[in-house]
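**Student:** give me coordinates for this.
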Amino acid sequence: MAMVELRKEDQVAVLTINNPPVNALNSRVMAELLQNLEELAGDDGVRVLIVTGAGDRAFVAGADIKEFPGLFKGQAGLAGQFALAGHKMFNALDNFPRPTIAAVNGLALGGGCELALACDLRVAADTAQFGLPEIKLGLFPGGGGTQRLPRLIGEARAKELMYLGDPISAGEALQIGLVNRVVPAGQLVEETMKLAGKLATRPGVALNLIKQAVDRGVQVSLEEGLKIEADLFDRVFLTEDVKEGVNAFIEKRKAEFKHR
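**Tutor:** Modelled structure (predicted):
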């Protein structure tokens with residue numbers, strides 16, 4: 001039985017991690033996530049991707065710590081290779097060509113928090129908790145947390161969360177910009193699907209170019225970022241959707257985007 005379950009509803013794909021009791025990220029889950037991400041990236045029928053966890057206890061409560069003792073061999077580069085292998089999956093999610101949403105249904109700790117960080121948007125149940133507790137094991141986040149979290153919430157707040165390792169509530173996560181929305185736990189699926197459905201109506205090429213502009217732009221200076229924006233702005237005007245959108249506005253009708 002798969003530990004990562006895929007279902008599709010209209011133009012939305014949902015990946016559900018099902019690894020009881022707390023949906024830990026072990027090697028098999030990581031491999032199944034990567035395989036699904038690579039296949040879905042080439043599926044033009046998928047306009048939005050949602051990642052969530054099975055049950056109501058945990059989104060993903062972290063990595064499978066039982067796999068860590070194999071890294072205690074004192075061999076330089078071994079743990080680094082382990083981290084880079086994990087980065088392949090996280091980067092595939094981060095670079096997914098269409099909008100991604102983490103529907104955080106419970107604990108999002110360690111690798112679970114990092115998985116949510118690799119998504120474009122995060123919708124959390126009001127019962128969810130977020131944290132990077134690796135410091136309490138004598139280590140630190142190795143799934144992109146030291147890089148993605150500061151870019152999202154700022155250096156000082158990110159360091160505080162990683163230095164202390166204490167979890168925060170969904171409400172606190174919303175206050176510091178870690179999540180986009182907090183909803184009642186019983187409404188998480190409905191609200192996330194509603195958001196995904198709305199995104200699916202937006203022109204797909206333009207969404208992809210927005211994602212490229214933001215993701216590439218934050219890595220460079222403002223001047224370089226503006227050049228990236230201008231280049232992608234030129235590309236968006238070569239699409240069929242921009243012609244449809246502008247003409248629909250002028251003609252006072254609803255645009256019918258074809259995502260090309």
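**Student:** so the closest residue to residue 183 other than its chain neighbours, which of the three states?
**Tutor:** Nearest non-adjacent residue to residue 183, counting by CB to CB, 6 or more residues apart in numbering: residue 191, 4.5 Å away. For glycine as for every other residue, the C-beta is placed from the backbone atoms N, C-alpha and C. At residue 191 the chain is in helix, as set by DSSP: H, G, I helix; E, B strand; the rest coil.
**Student:** and residue 191, how far is that from residue 181?
**Tutor:** Per CB to CB, to the nearest Å, residue 191 is found 7 Å from residue 181.
**Student:** for those two, list the residues in contact with both.
**Tutor:** Contact with both residue 191 and residue 181 is made by residues residue 123, according to CB atoms under 8 Å, 6 or more residues apart in numbering.
**Student:** what number of residues lie near the residue lying closest to residue 46 once chain neighbours are set aside?
**Tutor:** The shortest distance from residue 46 to any non-neighbouring residue, by CB to CB, 6+ apart, is to residue 13 (4.5 Å). With neighbours defined by other CB atoms under 10 Å, the count for residue 13 comes to 24.
**Student:** I'd assumed residue 13 was in a strand, is it?
**Tutor:** Yes. According to three-state DSSP, residue 13 belongs to a strand.
**Student:** tell me the bridge partners for it.
**Tutor:** According to DSSP bridges, the residues that bridge with residue 13 are residue 8, residue 49.
**Student:** roughly how far apart are it and residue 233?
**Tutor:** Using CB to CB, residue 13 is found at 29 Å from residue 233.
**Student:** with residue 172 instead?
**Tutor:** As judged by CB to CB, residue 172 and residue 233 stand 37 Å apart.
**Student:** neighbours around residue 97, how many?
**Tutor:** By other CB under 10 Å, 17 other residues sit near residue 97.
**Student:** same deal with residue 198?
**Tutor:** Residue 198, neighbours per other CB under 10 Å, totals 10.
**Student:** mind checking the SS state of it?
**Tutor:** With three-state DSSP as the basis, residue 198 sits in helix.
**Student:** same thing with residue 35?
**Tutor:** Assignment for residue 35 (three-state DSSP): helix.
**Student:** and residue 6, that's in a helix?
**Tutor:** No. Assessed with three-state DSSP, residue 6 is strand; it does not lie in a helix.
**Student:** and the average pLDDT for stretch 87-99 is what?
**Tutor:** Average pLDDT, stretch 87-99: 95.
**Student:** hmm, who's touching it?
**Tutor:** The contact list for stretch 87-99 (CB under 8 Å, 6+ apart) reads 30-31, 33-34, 37-38, 40-41, 46-49, 51, 100, 114-115, 118-121, 143-144, 148, 196, 199, 204, 207-208, 211, 215.
**Student:** tell me the buried residues in that stretch?
**Tutor:** For stretch 87-99, a neighbour-count test (16 or more other CB atoms under 10 Å) marks 87, 89-90, 92-94, 96-99 as buried.
**Student:** before we move on, what about stretch 137-156?
**Tutor:** For stretch 137-156, by 16+ other CB under 10 Å, it's 141-146, 148-150, 152-153.
**Student:** which ones among the buried residues of stretch 87-99 lie within helices?
**Tutor:** Among the buried residues of stretch 87-99, the members falling in helices (DSSP state H) are 87, 89-90, 92-94.
**Student:** of residue 172 and residue 233, which one has the most company?
**Tutor:** Taking neighbours as other CB under 10 Å, residue 172 and residue 233 compare with residue 172 leading, 15 against 11.
**Student:** roughly how far apart are that one and residue 124?
**Tutor:** Counting by CB to CB - residue 172 and residue 124 are separated by 11 Å.
**Student:** ok, residue 9 next?
**Tutor:** Residue 9 sits 21 Å away from residue 124, going by CB to CB.
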